[in-house]
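1. Everything below, folded, please.
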Amino acid sequence: MISYDVIIVKFLLAALLGGIIGAEREYRNKSAGFRTMIMISLGACFFTILSSIIGPNSTDRIASTVVTGIGFIGAGVIYRGDGRINGITTAATIWAVSALGMGVGAGMYGASITACIIILIVLAILPFLEDKMEAFNQIKTYTIECALSIDIVTHIRSKCTNHHLKNKIISLEKFKSKVIVMVWVRGAEANINSFTKFLWTDDQINGFKVQGVSDLFPTEQSVDKKS
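-> Numbering: from 1, shown residues only. Predicted structure coming up:
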């Protein structure tokens, strides 16, 4: 039988580790923040302790259900927006924090603290590296309203090529006095921003909308150059 003092120490350590990770998530305004991570870590710790008390001959029965149950919480923070899947990192963090709580509950204090430090490094430092990598490879979709011209598609594609952007025409709609072209582009952030600036000045472009652009331009910005 585990002493009450040991249980209290485990609860406090589990809450501390979960709170450290939760503080980082809260700082970044993620859906699973400070309180959520504490509750997940503390709950996983308690379930692990109960597993060793209630089923001493099969201590993995209750603890194993924590891994399954935590998946439902993780699934709740994953959503689709801005043409991409969001929340996967937060869901993975929830899963990892539950492992921290289970580790503390099992008495693996050193391993849990070490894992907490590694998780914090991944969450707090690696995003800066990801931003640097993303700057070299971005994908955007432009919906461009143009003056009616038989050469407009060639004109748009040639400008994409001039800005060193891989491109693909997704759709083409013709009306009485205008053409709407949807084009997919891929390339470095600087080249995409340069192409967006070009659309502002080109006389054949009446307006455009671009989805998921960088901080230089708002996401899903619509521009009517006639107004």
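2. hey, C-alpha coordinates of stretch 73-86 in CSV?
-> The C-alpha trace of stretch 73-86 is given here as CSV (Å, rounded to 0.1, in the frame of the first residue of the first chain):
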residue,chain,number,x,y,z
ILE,A,73,-9.7,14.6,-25.7
GLY,A,74,-6.9,14.9,-28.3
ALA,A,75,-9.4,14.5,-31.1
GLY,A,76,-11.5,17.4,-29.8
VAL,A,77,-8.7,19.9,-30.4
ILE,A,78,-8.0,18.9,-34.0
TYR,A,79,-9.9,20.9,-36.6
ARG,A,80,-9.6,22.0,-40.2
GLY,A,81,-9.1,25.7,-41.1
ASP,A,82,-7.3,27.9,-43.6
GLY,A,83,-6.9,25.0,-45.9
ARG,A,84,-4.9,22.9,-43.4
ILE,A,85,-5.3,20.6,-40.4
ASN,A,86,-4.7,22.5,-37.1
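3. Where does Phe46 sit, in terms of helix or strand?
-> Per DSSP states H and E, Phe46 falls inside helix 34-54.
4. what's the helix or strand just after that helix packed up against?
-> Downstream of helix 34-54, the next assigned helix or strand under DSSP H and E is helix 60-75. When contacts are defined as 3 or more C-beta pairs under 8 Å, 6 or more residues apart in numbering; DSSP states H and E, helix 60-75 packs onto helix 34-54, helix 88-105. Where C-beta positions appear, they are placed from N, C-alpha and C, glycine not excepted.
5. looking at those, which is buried most?
-> helix 88-105 (a mean of 23; mean count of other C-beta atoms under 10 Å).
6. Let me know the angle separating it from helix 60-75.
-> Here the directions of helix 88-105 and helix 60-75 differ by 160 degrees (axes from the mean of the first three to the mean of the last three C-alpha atoms, to 10 degrees).
7. quick one: the helix holding Phe46 to helix 60-75, angle?
-> Using the same axes, to 10 degrees: helix 34-54 against helix 60-75 is 160 degrees.
8. now helix 34-54, how far from the centre of its chain.
-> Distance of helix 34-54 from its chain centroid, counting by C-alpha atoms, centre = their mean, to the nearest Å, is 26 Å.
9. which residues sit against that helix?
-> By C-beta atoms under 8 Å, 6 or more residues apart in numbering, the surrounding residues in contact with helix 34-54 are 1-2, 7, 10-11, 14-15, 17-19, 21-23, 25-26, 32, 59-63, 65-66, 70, 73, 93-94, 97-102, 104-106.
10. mind listing the helices for the protein?
-> For the chain, helices defined by DSSP state H occupy the ranges 4-27, 34-54, 60-75, 88-105, 109-124, 126-134, 152-162, 189-201.
11. With respect to Ile180, which of those helices lies nearest?
-> Nearest to Ile180 among the helices of the chain is helix 152-162 (10.1 Å), distances taken as C-beta to C-beta.
12. Which strands or helices does the closest one pack on?
-> On a contact count with 3+ C-beta pairs under 8 Å, 6+ apart, helix 152-162 meets strand 138-147, strand 166-174, strand 178-187, helix 189-201.
13. got these as CSV, with mean neighbour count and distance to Gly87 columns?
-> Formatted as CSV, the helices and strands packed on helix 152-162 follow (neighbours: other C-beta atoms under 10 Å; distance: least, C-beta to C-beta, whole Å):
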stretch, mean neighbour count, distance to Gly87
strand 138-147, 19, 19
strand 166-174, 12, 26
strand 178-187, 19, 24
helix 189-201, 17, 23
